[in-house]
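> Pasting the sequence and the predicted model now:
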Amino acid sequence: MDAQKRVMGKDPALDAKYKRLRLETFIGIFIGYAGYYLVRNNFSVAMPGLIKEGFSKGQLGLALSAVSLAYGISKFVMGTISDRSKPKIFLPLGLLLAAFVNLLFGFVPALRSNIVTMFIVLFVIGWLNGMGWPPCGRTLVYWFSTNERGTATSIWNCAHNVGGGLMAPLANAGIGMMAVVGLSMPSYTGAFILNGIVAAIIAVMAYFLIKNKPQDYDLPPVEEWRDDYATADKKVDEEDYDTKELLLHHVLNNKWLWVICFANIFVYLVRYGVENWVPTYLTEVHHVALGSASASYMWYELAGIPGTIICGWISDKLFKGRRGRAGVVFMLLTTLFVVLYIKATSLAMINFALIAIGFLIYGPVMLIGLQALEFVDKNAAGTAAGLTGLFGYFFGSFSANAVMGWVVDKWSWNGGFTLILASSIIATILFALTWNVRGQQE
């Protein structure tokens, strides 16, 4: 095909094919990644039932931390593998396996009999969840060019909120379903059974929707099609690297990538320090019914949808791609609303604070992922995203689960919220270090 006709608007048939395939792909990675959230944090909804069985918050926090520890390591390891794999297979396979392990967890009592077995099962679930983000990041850089990637990534990032928001009500419905069915199993096992079934269905749908590189479908690189290149020489960086070169020369030597890795620790501690403890905190301290607490959890997640999109738009339009500036603004506001959440006495005020925190915190989560993609070449995108995830989950989310549970047991909820506030302030400072940084241009 003539090169001129490969540019958008020159060949209507090619344009129609490109738009159709990338829309299908975008839907596939959106619902696929949302599906991962149905089988990642549903243990938090089951925790009140497990506490009634005699487990302490510290024990359950330690068990829940297995998800974060495994996910953090897996996101990095699987990121390097995903850079050499097909997203069409890689993402659905991880989701299908995570759904299967959830079903086992729900149906096999021995797996829930003690903290050790729970830790092991949750570690496996966390590891399988690490197969979700890297292929999505890789897909985004192959199907969306520079001047549209911020918007596309911010919209896709809302899959966090859709999946996370639906997780608690779906798990609560599973708990109710088990109570109605009247089986001998504890009702909280429904949080794993129903969520696992739905996630498996989504995995199959994602497989049929996701496409690999545009070139695999006789299409030009997206930069050529949209005439939108990241560099002045109009170079398309799609060179394949071996693992050593990829790590040493395209990831680990990037100083700004390290800054956002450390920022991610504290962003995730704030995110999960609030999110994962909503059901327990509200039922224990404010004596809110589990159904209402699950609804509060859902509003927290869903509020992140407009917040993420607005944050992405601000970082593109107002700050001209300098993502750190938007991160500073959103983290400062997050700190203020965490204080309101602590001080709130009514359910209405609690929900207002949770909605505000959810609206604000997912912007910085998205920004760090987007910066990771922009700091490196396309074929290192999964690895770069995996490195930030390693820090966010291995350290940040681990602290939000294991350390948070231990701190609350020892110093009450006031100690736990002090940890969250300190983390929010540190994240703000680290974002400020990247105030003038814009992708690979600096």
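Great, that's in hand.

> Okay, helices next: where are they in the stretch 301-442 of the chain?
Applying DSSP state H, counting those that start in this stretch to the stretch 301-442 of the chain gives helices spanning 304-313, 323-343, 347-374, 381-391, 398, 404-433.

> a markdown table for these, including distance to Asn161 and mean pLDDT?
(Each C-beta comes from the backbone N, C-alpha and C, glycine too.) Formatted as a markdown table, these follow (distance: least, Cβ to Cβ, whole Å; pLDDT from 0 to 100):
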| stretch | distance to Asn161 | mean pLDDT |
| --- | --- | --- |
| helix 304-313 | 4 | 88 |
| helix 323-343 | 15 | 93 |
| helix 347-374 | 6 | 89 |
| helix 381-391 | 17 | 77 |
| helix 398 | 22 | 71 |
| helix 404-433 | 19 | 89 |
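
> closest one to Ser294 among the ones you listed?
Proximity to Ser294 (Cβ to Cβ) singles out helix 347-374 among the helices of the stretch 301-442 of the chain, at 12.1 Å.

> which residues does Ala326 contact?
Cys311, Ile314, Ser315, Leu318, Phe319, Gly363, Leu367 (Cβ atoms under 8 Å, 6 or more residues apart in numbering).

> try it again with 6 Å
Residues near Ala326 by Cβ atoms under 6 Å, 6 or more residues apart in numbering: Cys311, Ile314, Ser315, Phe319.

> Repeat that for Leu91.
For Leu91, the contact set (Cβ under 6 Å, 6+ apart) comprises Gly32, Pro135.

> Quick check: which element contains it?
Under the criterion of DSSP states H and E, Leu91 resides in helix 87-107.

> repeat for Arg84
Applying DSSP H and E, one finds Arg84 in no helix or strand.

> What is the burial count for it?
Using other Cβ atoms under 10 Å, Arg84 is surrounded by 14 other residues.

> Distance check, it against Leu64.
32 Å (Cβ to Cβ, to the nearest Å).

> likewise Leu347?
Counting by Cβ to Cβ, the gap from Leu347 to Leu64 is 25 Å.

> again with Ala98
Applying Cβ to Cβ, the value for Ala98 to Leu64 is 15 Å.

> show me where pLDDT drops low in the protein?
Applying pLDDT under 70 to the chain picks out residues 1-5, 8-9, 182, 228-251, 378-379, 381, 439-442.

> Any idea which residue is closest to the centre of it?
Centroid-nearest residue in the chain: His160, 5.1 Å away (criterion: Cα atoms, centre = their mean).

> can I get the CA coordinates of the strand or helix carrying it in PDB?
Assigned by DSSP H and E, His160 falls within helix 159-181. What follows is helix 159-181 as a C-alpha-only set of coordinates in PDB (Å, rounded to 0.1, in the frame of the first residue of the first chain):
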ATOM      1  CA  ALA A 159     -11.300  -0.300  34.700                       C
ATOM      2  CA  HIS A 160      -9.700  -0.300  38.200                       C
ATOM      3  CA  ASN A 161     -12.800   1.500  39.500                       C
ATOM      4  CA  VAL A 162     -15.400  -0.400  37.600                       C
ATOM      5  CA  GLY A 163     -13.900  -3.800  38.700                       C
ATOM      6  CA  GLY A 164     -13.200  -2.600  42.200                       C
ATOM      7  CA  GLY A 165     -16.500  -0.900  42.500                       C
ATOM      8  CA  LEU A 166     -18.400  -4.000  41.400                       C
ATOM      9  CA  MET A 167     -16.300  -6.400  43.400                       C
ATOM     10  CA  ALA A 168     -17.900  -5.600  46.800                       C
ATOM     11  CA  PRO A 169     -21.600  -5.700  45.800                       C
ATOM     12  CA  LEU A 170     -21.000  -8.800  43.700                       C
ATOM     13  CA  ALA A 171     -19.200 -10.500  46.600                       C
ATOM     14  CA  ASN A 172     -22.000  -9.400  49.000                       C
ATOM     15  CA  ALA A 173     -24.500 -10.800  46.500                       C
ATOM     16  CA  GLY A 174     -22.500 -14.100  46.600                       C
ATOM     17  CA  ILE A 175     -22.600 -14.100  50.400                       C
ATOM     18  CA  GLY A 176     -26.400 -13.600  50.300                       C
ATOM     19  CA  MET A 177     -26.700 -16.300  47.700                       C
ATOM     20  CA  MET A 178     -24.900 -18.800  49.900                       C
ATOM     21  CA  ALA A 179     -27.100 -17.900  52.800                       C
ATOM     22  CA  VAL A 180     -30.200 -18.500  50.700                       C
ATOM     23  CA  VAL A 181     -28.900 -21.700  49.200                       C
END
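
> can you list contacts of that helix?
Applying Cβ under 6 Å, 6+ apart, the contact partners of helix 159-181 are 30, 33-34, 37-38, 42, 45, 187-188, 190-191, 193-195, 294, 297-298, 301-302, 304-305.

> next structured bit after it?
helix 190-209.

> Run the chain-centre distance for that following helix.
In terms of Cα atoms, centre = their mean, to the nearest Å, the centre of helix 190-209 is found 17 Å from the chain centre.

> In that helix, which of the residues would be classed as buried?
190-200, 202-203, 206-207, 209 (16 or more other Cβ atoms under 10 Å).

> Likewise for stretch 109-126?
If you call a residue buried by 16+ other Cβ under 10 Å, then stretch 109-126 has these buried ones: Leu111, Arg112, Ile115, Met118, Phe119, Val121, Leu122, Phe123, Val124, Ile125, Gly126.

> Also stretch 98-112?
Ala98, Ala99, Phe100, Val101, Asn102, Leu103, Leu104, Phe105, Gly106, Leu111, Arg112.

> Switch these over to a markdown table; also include distance to Val270.
What follows is the buried residues of stretch 98-112, written out as a markdown table (distance: Cβ to Cβ, whole Å):
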| residue | distance to Val270 |
| --- | --- |
| Ala98 | 25 |
| Ala99 | 29 |
| Phe100 | 32 |
| Val101 | 28 |
| Asn102 | 27 |
| Leu103 | 32 |
| Leu104 | 32 |
| Phe105 | 28 |
| Gly106 | 30 |
| Leu111 | 31 |
| Arg112 | 29 |
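
> Could you point out which of these is nearest to Leu60?
Closest to Leu60, out of all of these and judged by Cβ to Cβ, is Arg112, at 11.3 Å.

> Tell me how far that closest one lies from Lys57.
Applying Cβ to Cβ to Arg112 and Lys57 gives a distance of 17 Å.

> Which residue is the nearest non-sequential neighbour of Gln59?
Closest residue in space to Gln59, ignoring its immediate chain neighbours: Ile115 at 5.0 Å, by Cβ to Cβ, 6 or more residues apart in numbering.
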